[in-house]
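[1] coordinates only, sequence not included:
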């Protein structure tokens, strides 16, 4: 983990980009599954569609929501863990240098 110089604009931009890229895949998949699940829950009433590939759309929606929620929780945990480790590394660098 490279520690960016937060006193410069480029350093702050690189730091924000690095934090944004932490756990991006589980968050993205979780949001897609959650969105698909809610759309599938609304499908029978909105489009009068009661069978999708021989399956019940609200059931598929519930499965998508149940699969997407742990992914979102995992992304939050991974991001929090990364930030904690990053802050501990910053403190250690400050102690060594100072």
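    Noted; the coordinates are in hand. Since the structure is predicted, the reported quantities are computational estimates derived from the model, not experimental observations.
[2] Now the spatially closest residue to residue 82 that is not a sequence neighbour: phi and psi?
    The shortest distance from residue 82 to any non-neighbouring residue, by Cβ to Cβ, 6 or more residues apart in numbering, is to residue 22 (4.7 Å). Using the backbone N, CA and C atoms, a C-beta is placed for each residue, glycine as well. Main-chain dihedrals, residue 22, degrees, to the nearest 10: phi -70, psi 130.
[3] Please look at residue 22 and residue 78 and confirm they touch.
    Yes. Using Cβ atoms under 8 Å, residue 22 is in contact with residue 78, at 6.5 Å.
[4] what's the closest non-adjacent residue to the residue nearest to the spatial centre of the chain?
    Centroid-nearest residue in the chain, with Cα atoms, centre = their mean: residue 27, separated by 2.1 Å. Of all residues not flanking residue 27 in the chain, residue 75 sits nearest, at 3.9 Å (Cβ to Cβ, 6+ apart).
[5] quick one: the one you found from residue 43, how far?
    Residue 75 sits 27 Å away from residue 43 when distances are taken as Cβ to Cβ, to the nearest Å.
[6] For residue 55, give me the backbone phi and psi.
    phi -120, psi 160.
[7] which residues pair with it across the strands?
    residue 52 (DSSP bridges).
[8] avg pLDDT for stretch 59-73?
    Averaging pLDDT along stretch 59-73 yields 94.
[9] any idea how far it is from the chain center?
    13 Å (Cα atoms, centre = their mean, to the nearest Å).
[10] Next up, the contacts around residue 32.
    Shown in contact with residue 32 (Cβ atoms under 8 Å, 6 or more residues apart in numbering): residue 68.
[11] Quickly find the element holding it.
    helix 24-47 (DSSP states H and E).
[12] picking that back up, residue 75 and residue 43 - which one has more neighbours?
    residue 75 (20 against 17; other Cβ atoms under 10 Å).
[13] my guess is that one meets residue 31, correct?
    No. Using Cβ under 8 Å, residue 75 is not in contact with residue 31, being 9.3 Å away.
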